[in-house]
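Asks: I'd like to go over a predicted model; first the sequence, then the structure.
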Amino acid sequence: MEKFDILIAGAGVTGGMIARELSRYQLTVCLLDKANDVATGATKANSGIVHGGYDPEPGTLKAQLNASGVELLFEAAKQLNVPHKRNGSMVCAFAQEENHIIDQLYERGLENGIEGLSVITGDQARELEPELSDKVTKALLVTNSGIVCPYELTIAAVGNAMDNGVELKRNFAISDIAKIGEGFVVSAADGRKVQGKYLINCAGSFADDLAAMVGDKFYQIIPRAGEYMLLDKAEGVRVSRTIFQTPGKEGKGILVTPTNHGNLLTGPTATEVEHGESTETTGAQLAYVQRMGAKSVPGVNFRQVITSFTGVRASVAGGDFIIKMSDKVDGFVHVAGIDSPGLTCCVSIAKYVLDILKNAGVQLTEKENWNGTREDMHAFAKMSIEEKNEVIKNNPSYGKIICRCETVTEGEIIAAITKNPVALDIDGVKRRTRSGMGRCQGGFCSSYVMKLIAQHTGTDMTDVTKNGAGSYMLTEKM
Amino acid sequence: MLNHDIVIVGGGPAGMAAAVAAYDNGVKDVVILDRDDDLGGILRQCIHNGFGLHKLGEELTGPEYAAVYKAKVEERGITVYKNTMVLDVSKDRVVTATNRDGIMQIQAKAVVLAMGCRERSRGALNTPGTRPAGVYSAGTAQKLINCEGYMVGKKVVILGSGDIGLIMARRMSLEGAKVEAVCEIMPYSGGLTRNIVQCLEDFDIPLYLSTTVAQIHGQKRLEGVTIAQVDENRNVIEETKRFIECDTLLLSVGLIPENELTVQAGISMDRITSGAMVDENCETDAEGIFACGNVLHVHDLVDYVSDEAERAGKGAANYVKNGSNKTEYIPVKAVGGVRYVMPQHIHAQPGEEVSLFMRVGQPYGKVRLTAKCGDKVMAQAVKLKVAPGEMEKLVIKTDKFADLTGEITVTLEEM
């Protein structure tokens, strides 16, 4: 059985970032995920917002980690060459009765130590964002916040961790955890087993199941679905900042934001669902997203929707993050209830977890050759024609466009299939390269992508999946 | 920077016919840029027959029809850059393209846009449910089956009764799949009547009109769909919902002209056709840039694509030879039951014949189609039956261009 110093359960943005932080040190680390890829849970389907930090209740772990997390996150995104932008945000009141909420958020922001906040009038808000609704009466302007591509951040963090020696095991659905003398033996449903001295539980919606396996389930994950609509790049110019509505009875409300790739995103709803994989969209909730998105930015043309999706937040009662060494089971670290602003806090959470491990006696000796940077997977697209020609001369596959909507070359797809963490399925290629992410949603490129995956993984076309076992694309060779 | 007289973007039926026509009208320096590894475009995957009856007087398959034009291109020695994707066309006709040899820029005297169209996706429909494998646009499935030789599923529901959907219903059946249903949200089919007969009725495949897919089920691979009837506002009628087990959903829910390059070039677009605004020579409002085929408007028959592309190719050749001879334009407008008319404006040049192409907004019985300028009837035709799926045509005769002012309107009266 393979033995590691540290096991991390769950390769979402939290687990991935913890893996990267741990990869700095002379430790053996193994990251486990039940899916065929990293970033397939809540991480792949959320708003992608780097929250300013005015929202969490002062004194909570969320408030603390959000305040310290923003700069850490932007720094990591830069090192990892992940698309990010400090585009700022606005929280808007839509009636005089809501104005006081803006003032409260401002006060709370100050209490949380957040800089760059100001309260502006509706007219001032519209001056900054001309497409904003006439009905906006007052707004909180936030300048430290931004957007980041959550799945690309996770892929890059895991890739960087792997480049620095971390091992990733996929399709490792944890079915049993046995506490042994020094550490844990973790078993997967398919019979594989790994051993580790410490086990960090970053299992998202399944965190409570894992806690139960070691006999320390003191919280229950409450899966809350959020539905989104993603619109064509033609709509991506409606706003430059992320537009929030005042948080009310229905939660944080529906936001409208540009994405790092130039699309417009609106959502999420908040509905309690059965489990973490309840990611279906519903007619009623999508209609609500559309109505509420139009409330902030009435000019949005919803005929330009290119896809809709649902993400499931792994919330807990009480609402704060649960990040601590287990009181009952030595060596088991809970990282649970990581809902919003979890993405913003992924690096500050990782550093917090490192402190927990350090306090527990883990020796953190830095590696001499740690490299925290990762190459820019979108570098080719940013080059001048002369630079591109230079690349194509050495590697002609960069001259062949596979995805015309997003202008993705064969070279970029092959890189995604061959670089840590390699893409094994169509969705994996999509998240890494954006091939299939555009307005035709893979209609044209998917058969080429399937061919490339089959070629480079040495499998047959019929073995290529959308997102792992069971999601087969083809039934037979004719 | 390379220089060519005419650059054709796209080597499908439109691009090939435009290239041949340009050559035959006296401009020999014509090049075709195509993203695929061979000429033919989408025809290459359309292995069914029904192509060429009007244009070539015989019934061919898609690849056969393409081969006819490919031979014409080759006979003329027209240069074809294969595996070459055009990234940009500027208003002053600099075409930027990429292939395995690098990125090239061509200064063209005239450009013909012939990029074709793409299919509307599931995302654009906003169909609720999960996002499993097994949801294909009909054309993607057609390519996988006909070109790659892989079957995509065994039990199939098809949403949309456009021609590709109907053709694929038959194709899947011939390959041993069970097509459970074809659902059409409109109260009528958008496909050709002959396809409804030959592809559905001959195979006992039910066509459910005013019916849509209300939900998609299955976590990994599609497990089934909920279909439901819709009311006159196309809203789902809850009590009509029923589940159909299937592993494949094919979508044939509309084609969208692939006009990214056109929009990027700043060319004026028609909101209804989603293609460029053109004159009778298929010239856009960017001088020397022409558009034809499905990138201009979605055609029902490839034969008409070829006709249109020949006009574009000839127009481009004339432009290269003679420069611009733009005189006053007369706008052409669709009115009432006529959904759109092509071209959107014409020259008032006596001595020429101009065809107006149009589609109606809904099916009608016997109608009279009339093109008028003021009170003057320019052309008229009586049709026994018209439908949105089939293109109609009126020809304006040569002598009628004299003294025209105002605009030409095309109307429909029920008889």
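Replies: Done, it's in. Residues are numbered from 1 along each chain as shown, chains lettered A, B, ... in the order given.

Asks: Would you enumerate the residues in contact with residue 14?
Replies: Chain wasn't specified; assuming chain A. Going by Cβ atoms under 8 Å, 6 or more residues apart in numbering or on different chains, A:Thr14 touches A:Cys202, A:Gly204, A:Val335, A:Ile338, A:Gly342, A:Cys346, A:Ile349, A:Ala350. Where C-beta positions appear, they are placed from N, C-alpha and C, glycine not excepted.

Asks: my bad, chain B
Replies: Listed by Cβ under 8 Å, 6+ apart, the contact set of B:Ala14 reads B:Gly41, B:Ala114, B:Gly116, B:Cys292, B:Gly293, B:Asn294, B:Val295, B:Val305, B:Ser306, B:Glu308, B:Ala309, B:Ala312.

Asks: helix, strand or coil for it?
Replies: The assignment at B:Ala14 comes out as helix when based on DSSP: H, G, I helix; E, B strand; the rest coil.

Asks: hmm, back to that, from the contacts of A:Thr14, which ones fall inside helices?
Replies: A:Cys346, A:Ile349, A:Ala350 (DSSP state H).

Asks: Tell me the one of the contacts of B:Ala14 nearest chain A?
Replies: B:Gly116 (10.5 Å; Cβ to the nearest Cβ).

Asks: Look up how far B:Glu239 lies from the residue nearest to the closest one when sequence neighbours are not counted.
Replies: By the measure of Cβ to Cβ, 6 or more residues apart in numbering or on different chains, the closest residue to B:Gly116 outside its immediate chain neighbours is B:Asn294, 4.7 Å from it. According to Cβ to Cβ, to the nearest Å, B:Asn294 stands 39 Å off from B:Glu239.

Asks: Between those two, which has more neighbouring residues?
Replies: Neighbours per residue (other Cβ atoms under 10 Å in any protein chain shown) separate B:Asn294 from B:Glu239, with B:Asn294 holding more: 26 against 8.

Asks: May I have the secondary structure class of that one?
Replies: helix.

Asks: Looking at the ones in helices among the contacts of A:Thr14, spot the one nearest chain B.
Replies: Nearest to chain B out of the ones in helices among the contacts of A:Thr14 is A:Cys346 (Cβ to the nearest Cβ; 24.7 Å).

Asks: Tell me how many other residues surround the closest one.
Replies: Neighbours around A:Cys346, by other Cβ under 10 Å: 31.

Asks: so it sits right up against A:Leu73, yeah?
Replies: Yes: with contact defined as Cβ atoms under 8 Å, A:Cys346 reaches A:Leu73; the gap is 6.6 Å.

Asks: quick revisit: need the max-distance pair from the contacts of A:Thr14.
Replies: In terms of Cβ to Cβ, those reach their longest pairwise distance at A:Gly204 and A:Ala350, which sit 15.2 Å apart.

Asks: who has more neighbours, the two?
Replies: Shown here are A:Gly204 and A:Ala350; by other Cβ under 10 Å, A:Gly204 has more neighbours (30 against 26).

Asks: The nearest residue in space to B:Glu390 that is not next to it in sequence and chain A: what is the separation?
Replies: Nearest non-adjacent residue to B:Glu390, counting by Cβ to Cβ, 6+ apart: B:Asp300, 5.4 Å away. B:Asp300 is 21 Å from chain A, where distance means Cβ to the nearest Cβ, to the nearest Å.

Asks: Going by the annotation, which residue ranges form each domain of chain B?
Replies: What automatic domain parsing lists as the domains of chain B is B:1-119+B:255-324, B:121-253, B:327-415.

Asks: Turn those domains into TSV, including mean pLDDT.
Replies: Formatted as TSV, the domains of chain B follow (pLDDT from 0 to 100):
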stretch	mean pLDDT
domain B:1-119+B:255-324	96
domain B:121-253	95
domain B:327-415	88
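
Asks: Do you have the strands of the stretch 251-400 of chain A handy? List them.
Replies: Secondary structure of the stretch 251-400 of chain A (DSSP state E, counting those that start in this stretch): strands at A:255-258, A:264-267, A:271-272, A:305-316, A:322-325, A:332-336.

Asks: Kindly state which of the ones you listed is positioned closest to chain B.
Replies: strand A:305-316 (3.2 Å).

Asks: Need the CA coordinates for that closest one. PDB is fine.
Replies: Provided in PDB are the C-alpha atoms of strand A:305-316 (Å, rounded to 0.1, in the frame of the first residue of the first chain):
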ATOM      1  CA  VAL A 305     -28.000  32.500 -23.400                       C
ATOM      2  CA  ILE A 306     -25.400  29.900 -24.500                       C
ATOM      3  CA  THR A 307     -25.800  27.600 -21.500                       C
ATOM      4  CA  SER A 308     -27.300  27.200 -18.100                       C
ATOM      5  CA  PHE A 309     -26.000  25.200 -15.200                       C
ATOM      6  CA  THR A 310     -26.400  24.400 -11.500                       C
ATOM      7  CA  GLY A 311     -23.700  24.300  -8.800                       C
ATOM      8  CA  VAL A 312     -24.300  22.900  -5.400                       C
ATOM      9  CA  ARG A 313     -22.900  24.800  -2.400                       C
ATOM     10  CA  ALA A 314     -21.700  22.600   0.500                       C
ATOM     11  CA  SER A 315     -23.200  24.800   3.300                       C
ATOM     12  CA  VAL A 316     -23.500  24.000   7.000                       C
END
